[in-house]
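Here is a sequence together with a model predicted from it:
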Amino acid sequence: MAYQVIARKWRPQKFSDMVGQEHIAQTLRNAIMTGRIAQAYLFVGPRGIGKTTSARIFAKALNCKHPVNGEPCCECDSCVSIANESSVDVIEIDAATHTQVEKAREICEEVLHLPIASKYKIYIIDEVHMLSKSAWNALLKTIEEPPEHAKFIFATTEVNKVLPTVISRCQRFDLKRIPTNLIAERLALIARTEGVQISSSAIDVIARAADGGMRDAQSLLDQMISFFGTADGKNSSISEAQALSLFGLTAPAEMSGLIQAILCNDRPAVITAIHKFASAGKNLELLFDEILGWLRGIMMCSLLPNPETVLEESPEKISIYAELAKLVRPDSVQRLLEQLSSTGFLLREAINKQIFI
Ligand SMILES: [Zn+2]
């Protein structure tokens, strides 16, 4: 069998597979169960967090012959054809490549025809903010009063560019960034199932780098496997250091040494550590960002009884923060953060970043 990239192979097929968007999954399942279906939906959120995936699952559930508790069965003709993108009644359009009014007019005509093999004719229109104003004007009436058999699902990363008249005609869902720990759990499951050896700390590194996007996380895992895996598909366990090296990030042990030196005002140690990072070719702007991230983590640990509720980090990392927090008073950390935050932009312009730091 040809190699299938992880993001594609692991794309959620049901609402229950969706990670981090439970509120939306539940509402959509309820809509299916109660039969209270709006004519148009709008999925809003940053890229890679599951807007099109949600749209496809919803389309599947709408047209499924035997839905179970609002979930698509994933076995009937309709579910299968949507999963392999061959359904004649679910039409996906990328608005970024079809901005013109002609396409909109085409949709308005097509929509009048009954679905061929399913209950509904469903239009999934991605990046809908890219449609031209005239395209929208052509579509508006259809969205307002579509034929009974037609449903529209729009997705956008930039809802501020979508006309208010359109938004008001849709049921709107805002998808959230997926918390790092949920991404990490999912990656661990994928690695186990795929027989990929990777340390949990390396998984955390990927999950953090993905910044809330499951698709990015899965692509990064793929990249990591092709980078550090061997020809026979087996690899010795991918380590945290390897994962960090791919993103130019620093290992917690090294970072915690530097942060401790900063907190204890140990200037020789700070200078030595920075010198070491700079000689190793470390990106110093990235290092500066990491320092800020650590100080924030430490401050949260000293201010909050349950810092894990705001810090999307592994328990190990949080316990390092907590240890460092014991070294100084919270207001000292706050002062450090204030001063560093307000000088950060100067670092971007600095001729010699090492001297600046
Ligand atoms: Zn089905």
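Received the coordinates, thanks. Numbering: from 1, shown residues only.

I figured Met18 was touching Pro12, is that so?
Yes. With contacts counted by Cβ atoms under 8 Å, Met18 reaches Pro12, the gap being 4.8 Å. Bear in mind the C-beta positions are built from the backbone N, C-alpha and C, glycine included.

what's the burial count for Gln13?
Residues within reach of Gln13, counting by other Cβ atoms under 10 Å, total 18.

In contact with the residue of the stretch 201-350 of the chain found nearest the ion, which residues?
Per Cβ to the ion, Met214 is where the stretch 201-350 of the chain lies closest to the ion, at 23.6 Å. Met214 sits next to 19-20, 48-50, 178, 183, 186 when contact means Cβ atoms under 8 Å, 6 or more residues apart in numbering.

Just the CA trace of stretch 343-350, in CSV.
Extracted C-alpha coordinates of stretch 343-350, given in CSV (Å, rounded to 0.1, in the frame of the first residue of the first chain):
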residue,chain,number,x,y,z
THR,A,343,12.7,45.7,25.1
GLY,A,344,12.0,42.6,22.9
PHE,A,345,11.2,44.6,19.8
LEU,A,346,14.7,46.3,20.0
LEU,A,347,16.3,42.9,19.8
ARG,A,348,14.8,42.3,16.3
GLU,A,349,16.6,45.5,15.1
ALA,A,350,19.8,45.0,17.1
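
Domains in the protein, by residue range?
With domains defined by automatic domain parsing, the chain comprises 6-174, 180-247, 252-356.

weakest of those by average pLDDT?
When the domains of the chain are compared on mean pLDDT, domain 180-247 scores lowest, with a mean of 86.

ok, Met18 and Pro12, which is more surrounded?
Met18 (21 against 18).

As a check, name the ranges of all strands in this protein.
Under the criterion DSSP state E, the chain carries strands at the ranges 40-44, 90-94, 121-126, 150-156, 171-174.

I'd like to know which of those lies nearest to the ion.
Nearest to the ion, of the strands of the chain and by Cβ to the ion, is strand 90-94 at 12.5 Å.

which strands and helices sit next to the closest one?
Other helices and strands packing on strand 90-94, by 3 or more Cβ pairs under 8 Å, 6 or more residues apart in numbering; DSSP states H and E, are helix 51-63, helix 101-110, strand 121-126.

strands paired with it, and their directions?
Strands adjacent to strand 90-94 in the sheet, as given by DSSP bridges, are strand 121-126 (parallel).

For the partner strand, which residues meet the burial criterion?
Buried residues in strand 121-126, defined by neighbour count with 16 or more other Cβ atoms under 10 Å: 121-126.

what angle sits between that strand and helix 101-110?
160 degrees (axes from the mean of the first three to the mean of the last three Cα atoms, to 10 degrees).

who's in contact with strand 121-126?
Counting by Cβ under 8 Å, 6+ apart, 51-52, 55-56, 59, 62-63, 89-96, 107, 111, 113-115, 131, 149-155 sit against strand 121-126.

Quick one, which of the residues you listed are buried?
Buried, going by 16+ other Cβ under 10 Å: 51-52, 55-56, 59, 62-63, 89-90, 92-93, 95, 107, 111, 115, 131, 149-155, out of these.

Find the closest residue to the ion in the stretch 101-250 of the chain.
Distance from the ion to each residue of the stretch 101-250 of the chain (Cβ to the ion) is smallest for Ser118, at 10.1 Å.

Do I have it right that that residue meets Asn63?
Yes. In this structure Ser118 lies within contact range of Asn63 using Cβ under 8 Å: 4.1 Å.

Give me the common contacts of those two.
Common neighbours of Ser118 and Asn63 (Cβ under 8 Å, 6+ apart) are 78, 87, 89-90.
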